[in-house]
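*Asks:* Need the 3D shape of this:
(3 chains)
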Amino acid sequence: MTIDKGISATGDGPPTPIEYRLDPASGVPTYLQLVQQVEHALRLGYLKPGDQLPKVRDVVAALAINPNTVLKAYKELETKGLAAGRPGQGTFVQATLTQVALPELTGLRRSLLGWLASAEETGLDEDGIVALFTSVLRDFYDHRGGADHKGGADRHARGEVRADSEGAA
Amino acid sequence: MNVIETSGLGKSYGRVAALRDCTLTVPAGRAAALVGPNGAGKSTLKSMLAGLTIPTAGTAAVLGGQPAGSAAALDGTGFVAQDAPVYKSLSCGDMLHLTANLNRRFDHEYAQARLAELGIPLKKKAGKLSGGQQAQLALTLALARRPRLLILDEPLAALDPLARQDFMGTVMTAMADDGVSVLLSSHALAELERVADYFIVLASGEVRLAGDADDLLAGHRMLTGPAAEAGLVASQQSIVQIRRAAAQAHVLVRISGPDEPVPPGWEAHAVGLEELILAYLRAPGGPAQPGPSAALRPEPTEVAR
Amino acid sequence: MTVLTLTAQPSRDAGMAPLPWRRMVWVTWRQHRATLISVPAVLGGVALFLLLAGLKVHHDYAVLAACHGAGAAACENRASALTSTDWTMANTVLILMNLAPVLIGAFAGAPVLARELETGTFRYAWTQGFGRVRSTLARIVLIAIVLAAVSGALGVLFAWFFGPPMRNTGMTPGEATVFVTRGLAFPAWTLAAFAIGVFLGMLIRRVIPALAVTLGAFLALDLLAWLVVRKLYLPELAPGRIALLQRQPAVPHFWPAQFIEAGWLLALSALLVAATLWLVRHRVA
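*Replies:* This is a model prediction of the structure:
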């Protein structure tokens, strides 16, 4: 068994807390996978403000992906306000994602389970439920207007732009 | 700077045209992927850009307008040919020395360190290396010359997955470290999606599609709707391909932007790169460039069930 | 992982000075080490043989010449026995010397470019900074210099070796078979064969077929020279020229004829090299 010393084994500066992995079959664009992994790491506490994100060259060497892809991911994180680049040093975590407290999460979970039970009673199957939820979710953020473009790039990348919102898929 | 610029480039052997009317503009800093069936002209194009083949029509320039094959072009271009040729009877150390003598720049430290990292002894004869090691040796020699453009002519064809990963890792690292632009080709579209951000689709000696991956994806969408309306929709849009079944049809169209209206009653989905490339490979007819300067359009194909 | 050293981009001026020719010395040596070692080695062996055998030959013919006066017949009979075997051996070597240029030239010349093309290494060699025409020219010239030097030396040695048998049988250096093995002609024929080999190697792009065609082409050239060209500057010797113990007058046209022969051979070689370089420039792939 070999243990990787970690992709920041170049020895300059403290090691970065996270490493990326790719799921080539997921259908999600590479740069988006990196963004999602950073957000996920922030939510779970692997990354804290001030931590350095993996260096572009290290990511590229480990995963054999295009450096422009990593740059694009880091730019997206900057746009979202989650990270900031320091010239000559790298990209650092700037903010954190709002972490919802546990009791509130439990409450949301319970109400969602109730909704799911009613949806099932009306005859919707799992795919139907997903389609309905996705459609309403989109409408919800669309109505937010210009202030919140957060879902914009994601939606386009996931390929769902509907002309009408009536009916399920 | 445009790292590759061709204008009406063509190569004919006798009456057979291996490449025809090829006009490309690839900006620097990209990894450009050449995609197409065998015999489409990919190797011919790369050979001309590397300065090995003389065009019979048009011009080819690299590195900001240097004519392909000129001293300046050769100086800044690294080429790793198919089968990664090296002199089999020479030792790896000799190959380093040879390359150093034949070029203006050679980073001996990098080359030696890289070979040590790969576990390739300098004294070993190049012909005794495994396929993957030979490819890595050829790549090391090319990169040690500090090129601005690296052309890879399918040296990965015979490599196992680990060797391929190592090889592409080296190439991508050179891009990250040194800003090298890359031109490569491969049949593994999934791999290319990870590695390339500029795509050139070649078929039957012609360019069918060329552009930044993001632009290509943003410039197309797949419309799904009633088969009966397919013809009407097709006449209103710039289409690439129609796939029609009894009740439902899919129409691949070119769009000018994400806000372009979707025909009522139709759904629009973004297209994946592989789907897009395959559609253009199937489409017969002339070249197409997405974007404001798009002139000719290929004849759309129709696939009926 | 290893980082490429030097972060600053090297300056790139359009008018770059070409890379110095001397770099090609090591390159040619390393790429053609087999040829550059084996040809001189083989010829060195031949030279050693000529030296040792030549000493014997000279001795035997000196003994023969010293036979006169009383007991001359017996002396001559003994000496003749030796010199006739010498003559057989010398004649064999003469024939080999006539074949030497094509053997040396073909085996040295045909693989120079044909092997690059056959193995595909030209895709490496001709995409390096040192342009393909310049590097090919350098390789051809450097190998040619070595071939000219060793063949020239061999020609001189053979002339010394063959002297006594030649004089004794009444042959002269003006005779075609002898004429080509000495002076300027021998190295010139070797270089011509080399140039033919290099050119055909580039044209045919495969080593073995190129070798075969080179041998054929050389023979054709040899015949052409023998039957047509040489008559222009080297007069035919009088019939019945082979007369034992009859000294022929020295050929007055020998050196001018040598210059003429070497001249047209070298011109032909230069033409073939130019044609080769043209092919390298325009017909690589």
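
*Asks:* how near is the residue of chain B positioned farthest from its centre to chain C?
*Replies:* Here the centre of chain B is the reference, and by Cα atoms, centre = their mean the most remote residue is B:Ala228, at 38.3 Å. Applying Cβ to the nearest Cβ, to the nearest Å, the value for B:Ala228 to chain C is 53 Å. Backbone N, C-alpha and C define where each C-beta goes, glycine included.

*Asks:* Just confirm that residue is within a helix.
*Replies:* Yes - membership of B:Ala228 in a helix is supported by DSSP: H, G, I helix; E, B strand; the rest coil.

*Asks:* I'd like the average pLDDT over stretch B:283-302.
*Replies:* For stretch B:283-302, mean pLDDT rounds to 46.

*Asks:* wait, I meant stretch C:96-115
*Replies:* Mean predicted lDDT for stretch C:96-115 stands at 92.

*Asks:* How far does it sit from its chain's centre?
*Replies:* How far stretch C:96-115 lies from its chain's middle: 8 Å, per Cα atoms, centre = their mean, to the nearest Å.

*Asks:* ok, and does it reach over to chain B?
*Replies:* No - judged by Cβ under 8 Å from any Cβ of the partner chain, stretch C:96-115 makes no contact with chain B; its nearest approach is 9.8 Å.

*Asks:* you'd agree B:Asp75 is up against C:Met16?
*Replies:* Yes - B:Asp75 is in contact with C:Met16 according to Cβ atoms under 8 Å; the separation is 6.7 Å.

*Asks:* Looking at the two, which one has more neighbours?
*Replies:* Looking at B:Asp75 and C:Met16 with other Cβ atoms under 10 Å in any protein chain shown, you find the greater number of neighbours at B:Asp75, namely 24 against 14.

*Asks:* any idea how far C:Ser135 is from the more buried one?
*Replies:* 14 Å (Cβ to Cβ, to the nearest Å).

*Asks:* Could I have the CA atoms of whichever strand or helix holds C:Ala220 written out in CSV?
*Replies:* In this assignment (DSSP states H and E), C:Ala220 forms part of helix C:207-224. Only the C-alpha atoms of helix C:207-224 are listed here, as CSV (Å, rounded to 0.1, in the frame of the first residue of the first chain):
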residue,chain,number,x,y,z
VAL,C,207,17.6,0.7,-46.3
ILE,C,208,17.8,-2.7,-48.1
PRO,C,209,16.1,-1.6,-51.3
ALA,C,210,18.2,1.5,-51.4
LEU,C,211,21.4,-0.5,-51.0
ALA,C,212,20.4,-2.8,-53.8
VAL,C,213,19.6,0.1,-56.2
THR,C,214,22.8,1.9,-55.2
LEU,C,215,24.8,-1.1,-56.3
GLY,C,216,23.0,-1.2,-59.6
ALA,C,217,23.3,2.5,-60.2
PHE,C,218,27.0,2.5,-59.4
LEU,C,219,27.6,-0.4,-61.8
ALA,C,220,25.7,1.5,-64.5
LEU,C,221,27.9,4.6,-63.8
ASP,C,222,31.0,2.5,-63.8
LEU,C,223,30.1,1.0,-67.2
LEU,C,224,29.3,4.5,-68.5
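
*Asks:* Just the element for the one residue in chain A that gets nearest to chain C, please.
*Replies:* Per Cβ to the nearest Cβ, A:Ala61 is where chain A lies closest to chain C, at 5.5 Å. Per DSSP H and E: A:Ala61 is located in helix A:56-63.

*Asks:* The next helix or strand after that helix and chain C in contact?
*Replies:* Next in sequence after helix A:56-63, counting helices and strands by DSSP H and E, comes helix A:67-79. No - shown here: helix A:67-79 not in contact with chain C (Cβ under 8 Å from any Cβ), separated by at least 13.9 Å.

*Asks:* can you check stretch B:46-57 too?
*Replies:* Yes - applying Cβ under 8 Å from any Cβ, one finds stretch B:46-57 touching chain C at B:Ser47, B:Ala50, B:Gly51, B:Leu52, B:Thr53, B:Ile54.

*Asks:* Report the buried residues of that stretch.
*Replies:* B:Lys46, B:Ser47, B:Met48, B:Leu49, B:Ala50, B:Gly51, B:Leu52, B:Thr53, B:Ile54, B:Pro55 (16 or more other Cβ atoms under 10 Å in any protein chain shown).

*Asks:* among those residues, which two are most distant?
*Replies:* By the measure Cβ to Cβ, B:Lys46 and B:Ile54 form the most distant pair in the buried residues of stretch B:46-57, at 14.1 Å.
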